[in-house]
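[1] 3D, please:
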Amino acid sequence: MSCIKCKLAVNEKAEQVIRCDGCNRTIHILCSELTDAEIKCLALRPSSRRRIKYLCVDCEQGVHQIPKLITLINDLKEEIRHMKEKYAELTICSTSSTGASSNISNVMASEEVINEVFERNKRSHNIIIYNSTEGGSSKQDQVQRDVLLVQKLLQEVGVDGGQIKPIRLGKFDSTKDRSSRLIKVRLSATEDVFKVLRKFNQIKSNSQFSDLSVSPDRTPKQIAIFKSVKSELLTRIAEGESNLKIKYRNGIPTIVHLTSEN
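    Have a look, this model is predicted:
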(Lines give C-alpha, C1' and ligand atoms only; values in the text may rest on other atoms or scores of the structure.)
Protein backbone atom coordinates (compact mmCIF):
# COMPACT_ATOMS: atom_id res chain seq x y z
CA MET A 1 0.00 0.00 0.00
CA SER A 2 1.38 3.43 -0.92
CA CYS A 3 0.46 7.08 -0.36
CA ILE A 4 -1.73 8.64 -3.08
CA LYS A 5 0.48 11.73 -3.29
CA CYS A 6 4.11 10.87 -2.45
CA LYS A 7 3.85 7.23 -3.65
CA LEU A 8 5.92 6.03 -0.67
CA ALA A 9 4.91 2.89 1.22
CA VAL A 10 2.40 3.40 4.03
CA ASN A 11 2.60 1.74 7.44
CA GLU A 12 -0.82 2.36 9.00
CA LYS A 13 0.34 1.12 12.39
CA ALA A 14 3.35 3.40 12.62
CA GLU A 15 2.23 6.46 10.62
CA GLN A 16 -0.66 8.92 10.72
CA VAL A 17 -2.75 8.36 7.62
CA ILE A 18 -6.28 8.95 6.38
CA ARG A 19 -8.32 7.32 3.65
CA CYS A 20 -10.14 9.01 0.80
CA ASP A 21 -13.90 8.77 1.32
CA GLY A 22 -14.31 8.34 -2.42
CA CYS A 23 -11.82 5.67 -3.53
CA ASN A 24 -10.66 4.44 -0.08
CA ARG A 25 -6.99 4.91 -0.99
CA THR A 26 -4.53 6.00 1.72
CA ILE A 27 -2.61 9.26 2.08
CA HIS A 28 -0.16 10.48 4.73
CA ILE A 29 -1.66 13.21 6.89
CA LEU A 30 1.30 15.46 6.05
CA CYS A 31 0.69 14.88 2.33
CA SER A 32 -3.03 15.68 2.64
CA GLU A 33 -2.33 19.38 3.41
CA LEU A 34 -5.28 19.39 5.83
CA THR A 35 -5.34 21.72 8.82
CA ASP A 36 -5.20 20.41 12.40
CA ALA A 37 -8.87 21.28 12.84
CA GLU A 38 -9.85 19.36 9.69
CA ILE A 39 -7.85 16.32 10.80
CA LYS A 40 -9.56 16.35 14.21
CA CYS A 41 -12.99 16.57 12.54
CA LEU A 42 -12.21 13.61 10.31
CA ALA A 43 -11.23 11.55 13.37
CA LEU A 44 -14.35 12.37 15.41
CA ARG A 45 -16.79 9.82 14.01
CA PRO A 46 -16.96 6.87 11.62
CA SER A 47 -16.94 8.00 8.00
CA SER A 48 -20.58 6.96 7.55
CA ARG A 49 -21.66 9.50 10.22
CA ARG A 50 -19.21 12.34 9.63
CA ARG A 51 -20.55 15.60 8.23
CA ILE A 52 -17.31 16.32 6.39
CA LYS A 53 -15.55 14.08 3.92
CA TYR A 54 -12.00 13.89 2.59
CA LEU A 55 -11.62 13.46 -1.17
CA CYS A 56 -8.31 12.99 -2.97
CA VAL A 57 -7.49 15.10 -6.02
CA ASP A 58 -8.74 12.46 -8.47
CA CYS A 59 -12.08 12.02 -6.69
CA GLU A 60 -12.54 15.78 -6.27
CA GLN A 61 -11.97 16.31 -9.99
CA GLY A 62 -14.51 13.57 -10.67
CA VAL A 63 -17.09 15.39 -8.54
CA HIS A 64 -16.42 18.60 -10.46
CA GLN A 65 -17.13 16.75 -13.71
CA ILE A 66 -20.68 15.88 -12.62
CA PRO A 67 -22.25 19.24 -13.69
CA LYS A 68 -20.57 18.90 -17.10
CA LEU A 69 -21.91 15.36 -17.46
CA ILE A 70 -25.40 16.56 -16.54
CA THR A 71 -25.14 19.29 -19.19
CA LEU A 72 -23.98 16.78 -21.78
CA ILE A 73 -26.84 14.43 -20.89
CA ASN A 74 -29.39 17.24 -21.23
CA ASP A 75 -27.88 18.27 -24.59
CA LEU A 76 -28.07 14.68 -25.78
CA LYS A 77 -31.69 14.39 -24.67
CA GLU A 78 -32.48 17.50 -26.71
CA GLU A 79 -30.66 16.02 -29.69
CA ILE A 80 -32.62 12.78 -29.34
CA ARG A 81 -35.85 14.78 -29.27
CA HIS A 82 -34.76 16.52 -32.47
CA MET A 83 -33.96 13.16 -34.11
CA LYS A 84 -37.32 11.75 -33.08
CA GLU A 85 -39.07 14.70 -34.70
CA LYS A 86 -37.08 14.13 -37.89
CA TYR A 87 -37.94 10.46 -37.78
CA ALA A 88 -41.63 11.22 -37.30
CA GLU A 89 -41.54 13.35 -40.46
CA LEU A 90 -39.88 10.53 -42.39
CA THR A 91 -42.37 7.97 -41.08
CA ILE A 92 -45.27 9.83 -42.67
CA CYS A 93 -43.70 9.25 -46.08
CA SER A 94 -42.51 5.71 -45.37
CA THR A 95 -44.34 2.46 -46.08
CA SER A 96 -42.01 0.39 -43.92
CA SER A 97 -42.42 2.23 -40.65
CA THR A 98 -42.48 -0.92 -38.50
CA GLY A 99 -38.95 -2.02 -39.36
CA ALA A 100 -37.63 1.54 -39.21
CA SER A 101 -39.20 2.05 -35.79
CA SER A 102 -37.36 -0.97 -34.48
CA ASN A 103 -34.06 0.38 -35.79
CA ILE A 104 -34.63 3.78 -34.22
CA SER A 105 -35.45 2.15 -30.90
CA ASN A 106 -32.13 0.34 -31.00
CA VAL A 107 -30.29 3.57 -31.78
CA MET A 108 -31.92 5.23 -28.82
CA ALA A 109 -30.97 2.43 -26.43
CA SER A 110 -29.84 3.76 -23.08
CA GLU A 111 -26.43 2.06 -23.28
CA GLU A 112 -25.62 3.92 -26.50
CA VAL A 113 -26.77 7.18 -24.96
CA ILE A 114 -24.45 6.68 -21.98
CA ASN A 115 -21.53 5.74 -24.26
CA GLU A 116 -22.16 8.82 -26.37
CA VAL A 117 -22.20 11.07 -23.29
CA PHE A 118 -18.86 9.72 -22.07
CA GLU A 119 -17.34 9.92 -25.55
CA ARG A 120 -18.36 13.57 -25.86
CA ASN A 121 -17.01 14.31 -22.41
CA LYS A 122 -13.69 12.67 -23.34
CA ARG A 123 -13.43 14.79 -26.49
CA SER A 124 -14.60 18.05 -24.86
CA HIS A 125 -11.02 19.24 -24.20
CA ASN A 126 -9.87 18.64 -27.80
CA ILE A 127 -9.67 20.77 -30.93
CA ILE A 128 -9.02 19.53 -34.47
CA ILE A 129 -6.84 21.57 -36.86
CA TYR A 130 -7.27 21.11 -40.63
CA ASN A 131 -5.07 21.91 -43.66
CA SER A 132 -1.75 22.21 -41.83
CA THR A 133 1.06 21.57 -44.33
CA GLU A 134 3.44 18.74 -43.48
CA GLY A 135 7.10 19.29 -44.32
CA GLY A 136 9.01 17.30 -41.73
CA SER A 137 11.84 15.07 -42.93
CA SER A 138 11.18 12.63 -40.09
CA LYS A 139 8.43 11.88 -37.63
CA GLN A 140 10.28 13.72 -34.84
CA ASP A 141 10.92 16.70 -37.09
CA GLN A 142 7.22 16.86 -37.96
CA VAL A 143 6.25 16.69 -34.27
CA GLN A 144 8.52 19.66 -33.49
CA ARG A 145 7.04 21.65 -36.39
CA ASP A 146 3.51 20.89 -35.18
CA VAL A 147 4.32 21.89 -31.60
CA LEU A 148 5.67 25.26 -32.75
CA LEU A 149 2.64 25.87 -34.99
CA VAL A 150 0.10 25.01 -32.29
CA GLN A 151 1.94 27.00 -29.61
CA LYS A 152 1.95 30.03 -31.91
CA LEU A 153 -1.77 29.61 -32.69
CA LEU A 154 -2.71 29.28 -29.01
CA GLN A 155 -0.54 32.26 -28.10
CA GLU A 156 -2.36 34.38 -30.69
CA VAL A 157 -5.78 33.58 -29.18
CA GLY A 158 -4.59 33.93 -25.58
CA VAL A 159 -4.52 30.28 -24.49
CA ASP A 160 -1.61 28.66 -22.62
CA GLY A 161 0.07 26.11 -24.89
CA GLY A 162 3.11 25.30 -22.77
CA GLN A 163 2.34 21.61 -22.18
CA ILE A 164 0.41 20.71 -25.34
CA LYS A 165 1.22 17.59 -27.35
CA PRO A 166 -0.34 17.83 -30.82
CA ILE A 167 -1.05 14.50 -32.51
CA ARG A 168 -1.28 13.94 -36.28
CA LEU A 169 -4.14 11.54 -37.03
CA GLY A 170 -2.79 8.87 -39.37
CA LYS A 171 0.60 7.33 -40.13
CA PHE A 172 3.70 9.35 -41.02
CA ASP A 173 5.39 8.33 -44.27
CA SER A 174 8.16 10.57 -45.63
CA THR A 175 8.50 8.44 -48.80
CA LYS A 176 5.06 9.33 -50.16
CA ASP A 177 3.23 12.48 -51.16
CA ARG A 178 1.27 13.34 -48.04
CA SER A 179 -1.98 15.16 -47.79
CA SER A 180 -2.22 17.22 -44.64
CA ARG A 181 -3.24 14.92 -41.82
CA LEU A 182 -5.50 16.39 -39.16
CA ILE A 183 -3.92 17.61 -35.92
CA LYS A 184 -5.64 16.80 -32.62
CA VAL A 185 -4.75 19.00 -29.65
CA ARG A 186 -5.90 18.37 -26.08
CA LEU A 187 -6.26 21.56 -24.04
CA SER A 188 -6.37 21.86 -20.28
CA ALA A 189 -10.03 23.00 -20.08
CA THR A 190 -13.19 23.12 -22.18
CA GLU A 191 -13.18 26.89 -21.67
CA ASP A 192 -9.91 27.01 -23.67
CA VAL A 193 -11.61 25.10 -26.50
CA PHE A 194 -14.43 27.67 -26.63
CA LYS A 195 -11.87 30.49 -26.57
CA VAL A 196 -9.93 29.07 -29.52
CA LEU A 197 -13.10 28.52 -31.57
CA ARG A 198 -14.42 31.99 -30.73
CA LYS A 199 -11.21 33.89 -31.52
CA PHE A 200 -9.75 31.86 -34.38
CA ASN A 201 -11.34 33.95 -37.15
CA GLN A 202 -9.64 37.03 -35.70
CA ILE A 203 -6.18 35.62 -36.51
CA LYS A 204 -6.96 34.30 -40.02
CA SER A 205 -5.34 37.43 -41.48
CA ASN A 206 -2.00 36.06 -40.32
CA SER A 207 -0.54 34.21 -43.32
CA GLN A 208 0.64 31.41 -41.04
CA PHE A 209 -2.96 30.54 -40.20
CA SER A 210 -4.87 31.71 -43.29
CA ASP A 211 -5.29 28.20 -44.75
CA LEU A 212 -6.15 26.52 -41.45
CA SER A 213 -9.53 25.59 -40.05
CA VAL A 214 -10.36 24.61 -36.47
CA SER A 215 -13.27 22.65 -35.05
CA PRO A 216 -14.20 20.86 -31.81
CA ASP A 217 -13.48 17.13 -31.66
CA ARG A 218 -16.89 15.71 -32.57
CA THR A 219 -18.02 12.12 -32.17
CA PRO A 220 -19.03 10.05 -35.25
CA LYS A 221 -22.68 10.50 -34.26
CA GLN A 222 -22.30 14.29 -34.09
CA ILE A 223 -20.59 14.29 -37.50
CA ALA A 224 -23.38 12.17 -39.01
CA ILE A 225 -26.05 14.52 -37.62
CA PHE A 226 -24.21 17.56 -38.99
CA LYS A 227 -23.91 15.95 -42.46
CA SER A 228 -27.63 15.18 -42.42
CA VAL A 229 -28.51 18.77 -41.52
CA LYS A 230 -26.08 20.11 -44.14
CA SER A 231 -27.66 17.88 -46.79
CA GLU A 232 -31.09 19.25 -45.85
CA LEU A 233 -29.71 22.80 -46.08
CA LEU A 234 -28.33 22.23 -49.59
CA THR A 235 -31.64 20.67 -50.69
CA ARG A 236 -33.65 23.64 -49.41
CA ILE A 237 -31.28 26.10 -51.10
CA ALA A 238 -31.55 24.15 -54.37
CA GLU A 239 -35.35 24.37 -54.09
CA GLY A 240 -35.17 28.15 -53.95
CA GLU A 241 -34.96 29.07 -50.28
CA SER A 242 -32.42 31.75 -49.36
CA ASN A 243 -30.86 33.38 -46.32
CA LEU A 244 -30.37 30.05 -44.58
CA LYS A 245 -27.47 28.93 -42.40
CA ILE A 246 -26.59 26.23 -39.90
CA LYS A 247 -26.39 27.44 -36.32
CA TYR A 248 -25.68 25.44 -33.17
CA ARG A 249 -28.40 25.71 -30.55
CA ASN A 250 -27.78 23.85 -27.29
CA GLY A 251 -25.03 21.98 -29.10
CA ILE A 252 -27.38 20.83 -31.91
CA PRO A 253 -26.91 21.93 -35.56
CA THR A 254 -30.12 23.63 -36.69
CA ILE A 255 -31.10 25.37 -39.94
CA VAL A 256 -32.15 28.97 -39.29
CA HIS A 257 -33.14 31.96 -41.41
CA LEU A 258 -30.60 34.78 -41.41
CA THR A 259 -31.91 37.85 -39.60
CA SER A 260 -30.31 40.83 -37.93
CA GLU A 261 -30.53 38.85 -34.65
CA ASN A 262 -28.55 35.88 -36.06
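[2] pLDDT weak spots in this protein?
    Counting by pLDDT under 70, the low-confidence segments of the chain come to 44-51, 63-64, 86-111, 173-179, 250, 259-262.
[3] look through it and tell me its longest helix.
    The residue-count maximum for a helix in the chain (DSSP state H) belongs to helix 57-92.
[4] pull out the buried positions in that helix.
    By 16 or more other Cβ atoms under 10 Å, the buried positions in helix 57-92 come out as 59, 72, 73, 76, 79, 82, 83, 87. (Each C-beta comes from the backbone N, C-alpha and C, glycine too.)
[5] so the closest residue to the first one other than its chain neighbours, which state does it fall into?
    Of all residues not flanking residue 59 in the chain, residue 22 sits nearest, at 3.2 Å (Cβ to Cβ, 6 or more residues apart in numbering). The assignment at residue 22 comes out as coil when based on DSSP: H, G, I helix; E, B strand; the rest coil.
[6] I'd guessed residue 22 sits against residue 55; true?
    Yes - counting by Cβ atoms under 8 Å, a contact exists between residue 22 and residue 55, whose distance comes to 5.0 Å.
[7] thought residue 53 was touching residue 23?
    No - shown here, residue 53 and residue 23 do not form a contact pair, counting by Cβ under 8 Å, at 11.9 Å.
[8] check contacts around the most centrally placed residue in the chain.
    When Cα atoms, centre = their mean is applied to the chain, the residue found nearest the centroid is residue 124 (1.1 Å). Each residue near residue 124 by Cβ atoms under 8 Å, 6 or more residues apart in numbering is listed here: 68, 72, 190, 193, 216, 217.
[9] same question for residue 184.
    Applying Cβ under 8 Å, 6+ apart as the definition, the contact partners of residue 184 turn out to be 126, 127, 128, 129, 166, 167, 169, 217.
[10] repeat for residue 163
    Under the criterion of Cβ under 8 Å, 6+ apart, the contact list for residue 163 reads residue 188.
[11] that one in helix, strand or coil?
    Look at residue 163: counting by three-state DSSP, its state is coil.
[12] all strands of the protein, in order?
    Assigned by DSSP state E, the chain shows strands spanning 17-19, 26-28, 126-130, 167-168, 183-186, 213-216, 244-249, 252-257.
[13] could those strands be laid out in JSON lines, adding distance to residue 7?
    Shown next, in JSON lines, are these (distance: least, Cβ to Cβ, whole Å):
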{"stretch": "strand 17-19", "distance to residue 7": "14"}
{"stretch": "strand 26-28", "distance to residue 7": "11"}
{"stretch": "strand 126-130", "distance to residue 7": "29"}
{"stretch": "strand 167-168", "distance to residue 7": "28"}
{"stretch": "strand 183-186", "distance to residue 7": "25"}
{"stretch": "strand 213-216", "distance to residue 7": "35"}
{"stretch": "strand 244-249", "distance to residue 7": "44"}
{"stretch": "strand 252-257", "distance to residue 7": "45"}
